[in-house]
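Visitor: Return atomic coordinates for the entry below.
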Amino acid sequence: MNPFLLEIVKNALETIADELALIVMRTAYSSIVRDAMDFSTAICDREGSTLAQGLTTPLHLGSFFAAMQNLLAVTARSGGAKAGDIYIFNDPYLAAGQHLPDIYIVKPIFIGGELEGWATTVAHHNDVGGIVPGSNAIGSPEIYQEGLRLPVLKLADAGRENGAIWELIAANVRVPDKVIGDLRAQIAACHVG
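Guide: All right, here's what the predicted structure looks like:
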């Protein structure tokens, strides 16, 4: 491959990943996402490998590969991703997530009708339920006490949102306006990606 073209493509992908990060930061509702920047963004290829990552919290980025491999396995069992799909997940056991407050929002990228990549975001949310506010109970003996567990779910199917998932999330968190607002910020970023 031409090294000049490779550098141009690399910088273009990094710019897209940074743009996702700026969108999340500017539109998030909670201070943990907006001000502390406890979130990450990346552009992945069709196999889920990270092509570029935004200038955000690097700790999350090591988790993208396993999370994406899990997402790809789930989508393969369900007939594949479609344009307009949006996926949500957080569970470390069922979805290769890190811990429950870190919620992934992932959207497939289609070019000419073919799946070419994924716009990915993960953000640490203020609360996902559980026995303590903030959902970081160090004394809980089982994951069921830590908060809402989300396996890989379609938050939108071919562009049509699943209202039941939004209602389930809002009913199980202490600050639904902030959690829903931050999820919307992640979705906005993925749309741009």
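
Visitor: residues touching the closest residue to L100 other than its chain neighbours, list them.
Guide: Computed as CB to CB, 6 or more residues apart in numbering, the closest residue to L100 that is not its neighbour in sequence is G147, at 4.4 Å. All C-beta spots, glycine's among them, are computed from the backbone N, C-alpha and C. Residues near G147 by CB atoms under 8 Å, 6 or more residues apart in numbering: L100, P101, D127, V128, G129, G130, S135, N172.

Visitor: if I read this right, the first one contacts D91, doesn't it?
Guide: Yes. Counting by CB atoms under 8 Å, L100 sits close enough to D91 to count as a contact (7.2 Å).

Visitor: And the two? Which one has more around it.
Guide: Taking other CB atoms under 10 Å, L100 and D91 do not tie; L100 has more neighbours (22 against 18).

Visitor: how close does that one sit to T121?
Guide: 16 Å (CB to CB, to the nearest Å).

Visitor: thinking again about what came up before, so what sits against both of L100 and D91?
Guide: R149.

Visitor: The helix or strand where A156 lies - contacts with which helices or strands?
Guide: For A156, the enclosing helix or strand under DSSP states H and E is strand 153-157. With contacts taken as 3 or more CB pairs under 8 Å, 6 or more residues apart in numbering; DSSP states H and E, strand 153-157 sits against strand 86-89, helix 163-172.

Visitor: returning to what we had before: among the contacts of G147, who's most crowded?
Guide: The contacts of G147, ranked by neighbours (other CB under 10 Å): first place V128, 25 neighbours.

Visitor: So that residue sits against N172, correct?
Guide: Yes. In this structure, V128 is within contact of N172 by CB under 8 Å, at 7.3 Å.

Visitor: anything in contact with each of these two?
Guide: Contacts common to V128 and N172, judged by CB under 8 Å, 6+ apart, are G147, L148.

Visitor: now what about the helix or strand of the chain with the lowest mean pLDDT, what contacts it?
Guide: Ranked by mean pLDDT, DSSP states H and E, the weakest helix or strand in the chain is helix 58-61, scoring a mean of 71. Helix 58-61 is contacted from outside by F39, S40, A42, T50, Q53, Q98, D102, V122, using CB under 8 Å, 6+ apart.

Visitor: let's see 7 Å
Guide: S40, A42, T50, Q53, Q98, D102, V122 (CB atoms under 7 Å, 6 or more residues apart in numbering).

Visitor: Quick check: phi and psi on the fourth one?
Guide: Put plainly, it is Q53. phi -130, psi 150 (degrees, to the nearest 10).

Visitor: shouldn't it be in contact with I16?
Guide: No. Judged on CB atoms under 7 Å, Q53 makes no contact with I16 at a distance of 10.6 Å.

Visitor: Go through the strand holding A156 and flag the buried ones.
Guide: L153, K154, L155, A156 (16 or more other CB atoms under 10 Å).
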